[in-house]
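Enquirer: Just need the structure, nothing else, for what follows:
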Amino acid sequence: MASVNPFNLSDSEEEAERRPNETVDTERSPSEGAPGPPPGNHFSPSAEAEPPTLLLSSNRTSPSGEGISASAAATAAMSGITDTRVSVDVIAAQLLREQYILTALELHTELLEAGRELPRLRDYFSNPGNFERQSGTPPAKDQALGPGGPLNRAGSISTLDSLDFARYSDDGNRETDERVAVLEFELRKAKETIQALRANLTQAAESEVPSQERKNFNSNPEIQEPIRQLEKRALNFLVNEYLLKNEYKLSSITFSDENDDQDFELWDDVGLNIPKPPDLLQLYRNCGSPLPSPRDMVDVSVEVAFEDFPGNCTPPNPSKKTDLSQQQQTEVIQELEYQISLLNNEKQSLAEQIKKLQSEIQTLRRTVSSLIMPCFIFVCVFIISNVFILWYPQPHTDNSQYLDIGRVSESENGSDPPLTQKSSQSHPQSHNKLKSRPPVQFDQPNRTLSPAFQQALLSFCRMCSDSRLGAEVSRIADSEESVMLMLGRCLPHIVPNVLLAKREELIPLILCTACLHPQPKERDQLLHILFNLIKRPDDEQRQMILTGCVAFARHVGPTRVEAELLPQCWEQINHKYPERRLLVAESCGALAPYLPKEIRSSLVLSMLQQMLTEDKADMVREAVVKSLAIIMGYIDDPDKYSQGFELMLLSLGDPSERVVSAVHQVFIPAFAAWTTELGSLHTALIPALLARIEKLLTQGEHGLDEHKLHIFLSALQSLIPPLFAVVLQNAPFTSRAKLHGDIPAIEVTRFPRPASPLQDVATIIGSREMLSALLLLYDHQLEHEGTTGWESLLWVVNQLLPQLIDIVGRINVTSTTCVHEFSRFFWRFCRTFGKIFTNTKVKPQFQEILRLSEENVDALAGNGILTKATVPIYATGVLTCYNQEEDRKLLVGFLEDVMTTLSLSHAPLDSLKASFVELGANPVYHEMLLTVLWYGVVHTSALVRCTAARMFELLVKGVNETLVAQRVVPALITLSSDPEISVRISTIPAFGTIMETVTQKELLERVKMQLASFLEDPQYQDQHSLHIEIIRTFGRVGPNAEPRFRDEFVLPHLHKLALANNSQAAENKRVDIAMQLFEAYSALSCCFISEEVMLNHFLPGLRCLHADMEHLSPEHEVILSSMIKECEIKVENRGMSDAQGSLSIASSLVGEDAKTKFLSKMGQLTTSGAMLANVFQRKK
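Expert: Sure thing, here's the model as predicted:
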């Protein structure tokens, strides 16, 4: 069978079918779009028309309308050919013009079936606007229409070539909605017409007075112009409005009756399209203001009416019109200059006012700073007074006023109470301020009562001063310190009585009191209340508490933060609620900038390390990692580097993904920034990670710990942006980077998307402008000047890259996870360092190692470099970084060479398979991989063709069914007819994978026929390896294949193969097939198999296999016996369940009858609950 290339289909067959007499429309130029018919020429030329001079193209004419050459046309004209052919596009245009839409649709369908889509018809039928028109509203004659004009709606279909039948489900309702929309549109247009008519009427009303009379009135101000109708109605409306606003209702009613032709409720009845003026009061106030000077009344707009100027201006005489116009312009210029001078004066005065206000602002700021404490005292007293009223009600119902009798009597006697004396001693300034106030004087009665009698008399006022609250209420704070003391005493009693949902409202009061309270014990108690204020604070409440803690730290300084806030965090480090521990973890990070540096790098670091190792809540450990990152941003002790490195590895090994994500997003960038300052990023941190990877590979000869490898490699990947920043910042050109001038923006795809802003190279460098300037110099340096003296980049090229390539060559190529991780690492590495670096530094080092020759592959040991993971990582991590034409060609050529070299060397194909698996995961590379495989299909070597056939098996699972039908199956069928039997056998796994993954029936039938030919063709009767491959494929794809294919094809042929194996003479072949059959039947026994297939094929096949295993493998024979018994039991139980099923159907019918009767009785009842309850009462 001749091989056919399905990837390079040509049009030669269609071109051979071209008819000779093809014509082109002479009216159309090649540059036009869809061709149109010549004017006056519809389908056939008229009798008077001249014979055509050009041949028209036939069914092969392209939409662009290009015809054949002019010489051919002239030859055809000279030969007297009278049979002219009209182009299809002309016919389509005429059908659309004449509204033969169904005929045009049929033509469009036939052209689509023939593969010759016409742009005119495609555009017309894909435009919903050509088929939607408001029913009952025919288009205007002069309305611009498309080709053929709009159509009536075509039912519930949007366009004639659409299949969206759910858009319009009810045509009747749709038409009703459309009519409503039309009526709304007409109503809107009618309203607009009314408004236009009103505007015209307004203008007419204003011009009722003849223009000549108006000129007379303007020239003689003593003669008043008569009132116009519009002015009268407006004044009536304003007068009536004034009467109503000022409660003259009767006068308003009388006024309305006298003007019954006017609607006083609606201004539009008066003004039509003119705005409503202010009310009468406003008009009177404006009128009563002093008149402005004549200069203020000048109209300085573009056109100035001369007669509007007041003062000495007189109307111009016709004879002096020109002089007056010049005089008018001169006056306008003078007025404008005068206005400019006024504005300049005003500007100067405003500037002086601004300076004065700025000085006043500075004075007020200094004043306010001294008034903060009294204001705070006032607020606190106000809050406490209200709190006392809310949460400390008096036990007695008599709410008489409290009087501090002791204070009154002592003030009368001229003595101060002890508290006042104490406060005056501690704060003499405040006491002096209080003493400066005049004493409160009370009117003393002209009585001679004894003091004892007076005290006894006042004791009947029922005041309570012996309780704690009574004592607080009877004493009024008279200084700042006394207010703080009072708040410190009262807040512990207030907080427990406030609702939990509202306790965050107390945070400002607690913090201010804790800041300003003079007693450390009370401050400690208040901060303890703050951290225990809410039982399980949510995110918003924690943020509020953290904000307060930061404000407290800024106010009190590092010493008090260490002495007062940190102990509160330490107490709650093992709290039973994770929200409390989360608050502690977040507080350590938020307070880090305000702590002493010794405490920051010792106590706080130890607290966070303890929580990271001991806490069981993921969200707490996540917060710990973020706080550790903040600590790393402020730490300056180089001795803590090793502890930070161990914390990084510890957190990377956390079982929670959110914790690991926080490490990559926050901790590693912060730690890398610190190591960059220490100069140890590329001298200590990255080499330490590489050493751990190499140690892992050395220890993992019998089994690599892929999880640890992922930890170390992901950390290296997160260090790529800081490493590139170090390379840029230590480059020879760094000092030449300038931010001014034309700096082009950085391309969006220049860098991989960072996991967080901290991994953005622009953030690390400082700004995108600086990064852009450095990148320009970086590319120029690499391309023209080289790397001499560039130590950081030379370390990357000479030490980092060789070590990474060596590590890549030592990992297991069959480990998909390892290949993927290293591929992603090299992809991000190359994209970060740029295309020039990749082409000049990375690719040459790989190409030096991957010398594509048969000598580079050790066929016996299988340890050549081409069989290692270097091949897939170079192909998928380096060659795919950039997607231009030369990059794709390089990738295709590399894969073709690898496939050829491995095939001819009889080497393992694991490296090639890993490349195809990694690239096949991205649909972008499917076409390219199929091109590579077609190269193998048409290769002259049978070994290469076998390799290509096996690679199709890997590619089928990820490729869409269209590509499978168009390119994969034809290639496999070509290989299945290969002269070499080994090539044909290699196609069987790919055919099986198609049966497992594809759903198209035609495709499945083609594959089924090909597999049937392998099984039933006599030439394959003795092909032992082919039978082994088919049985292995059936066992692999059978459980996932279509049930019909499994029941009708797989199981019957397995039965035949098992039966034929009983008579196999060769012992070794019989054992091989029996073992493969055992594996296949074991996999298929888990599927649901119908009773008929079970009895006819599955059980007989098992019995045949059992007969072989009795002689070949007794241990397998025991398993087969149990399988046969289990299948027989399934068949018996299925028969019994069928019998029980028929009985259950009958009982269900009886049950349904009873259910129907019950529901009918229930339906006869009303919805009353009492009547419903009576149904379930037993009859007496």
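
Enquirer: Going by C-alpha atoms from here, please, whenever you check contacts or count neighbours.
Expert: OK.

Enquirer: Put the alpha carbons of the helix or strand hosting residue 509 into PDB.
Expert: Element membership for residue 509, per DSSP states H and E: helix 507-516. Listed in PDB are the C-alpha atoms of helix 507-516, where the atom choice follows Å, rounded to 0.1, in the frame of the first residue of the first chain:
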ATOM      1  CA  ILE A 507     -10.100  49.500  71.700                       C
ATOM      2  CA  PRO A 508      -9.300  53.200  71.300                       C
ATOM      3  CA  LEU A 509     -10.200  53.900  74.900                       C
ATOM      4  CA  ILE A 510      -8.200  51.000  76.300                       C
ATOM      5  CA  LEU A 511      -5.200  51.900  74.200                       C
ATOM      6  CA  CYS A 512      -5.200  55.600  75.100                       C
ATOM      7  CA  THR A 513      -5.600  54.700  78.800                       C
ATOM      8  CA  ALA A 514      -2.800  52.200  78.600                       C
ATOM      9  CA  CYS A 515      -0.600  54.700  76.900                       C
ATOM     10  CA  LEU A 516      -1.100  57.500  79.400                       C
END
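
Enquirer: Report the buried residues of it.
Expert: With burial defined by 16 or more other C-alpha atoms under 10 Å, the residues of helix 507-516 counted as buried are 507, 509, 510, 511, 512, 513, 514, 515, 516.

Enquirer: Can you read off the pLDDT for the fourth one?
Expert: Note for residue 511: predicted pLDDT of 85.

Enquirer: doesn't residue 548 make contact with it?
Expert: Yes - Residue 511 is in contact with residue 548 according to C-alpha atoms under 8 Å; the separation is 6.8 Å.

Enquirer: Where does the prediction get shaky in the stretch 1-150 of the chain?
Expert: Applying pLDDT under 70 to the stretch 1-150 of the chain flags residues 1-84, 132-150.

Enquirer: try 50 this time
Expert: 1-83, 134-150 (pLDDT under 50).

Enquirer: got any ranges where the stretch 751-900 of the chain has weak pLDDT?
Expert: For the stretch 751-900 of the chain, the ranges with pLDDT under 50 are 854, 858-863.

Enquirer: residue boundaries of the helices in the stretch 551-700 of the chain?
Expert: Along the stretch 551-700 of the chain, the segments classed as helices by DSSP state H, counting those that start in this stretch run 558-560, 566-571, 578-591, 597-600, 603-614, 618-634, 641-652, 657-662, 668-678, 686-699.

Enquirer: Pull the longest one out as PDB, backbone CA atoms only.
Expert: Coordinates of each C-alpha in helix 618-634 appear next as PDB, following Å, rounded to 0.1, in the frame of the first residue of the first chain:
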ATOM      1  CA  ASP A 618      -2.300  26.000  59.100                       C
ATOM      2  CA  MET A 619      -3.400  29.600  59.300                       C
ATOM      3  CA  VAL A 620      -1.300  30.200  62.300                       C
ATOM      4  CA  ARG A 621       1.800  28.800  60.700                       C
ATOM      5  CA  GLU A 622       1.100  30.800  57.600                       C
ATOM      6  CA  ALA A 623       1.000  34.000  59.700                       C
ATOM      7  CA  VAL A 624       4.200  32.900  61.500                       C
ATOM      8  CA  VAL A 625       6.000  32.600  58.100                       C
ATOM      9  CA  LYS A 626       4.900  36.100  57.100                       C
ATOM     10  CA  SER A 627       6.000  37.500  60.400                       C
ATOM     11  CA  LEU A 628       9.400  35.700  60.000                       C
ATOM     12  CA  ALA A 629       9.700  37.400  56.600                       C
ATOM     13  CA  ILE A 630       9.200  40.800  58.300                       C
ATOM     14  CA  ILE A 631      11.900  39.900  60.900                       C
ATOM     15  CA  MET A 632      14.200  38.900  58.100                       C
ATOM     16  CA  GLY A 633      13.600  42.300  56.600                       C
ATOM     17  CA  TYR A 634      14.700  44.100  59.800                       C
END
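
Enquirer: Done for today, thanks.
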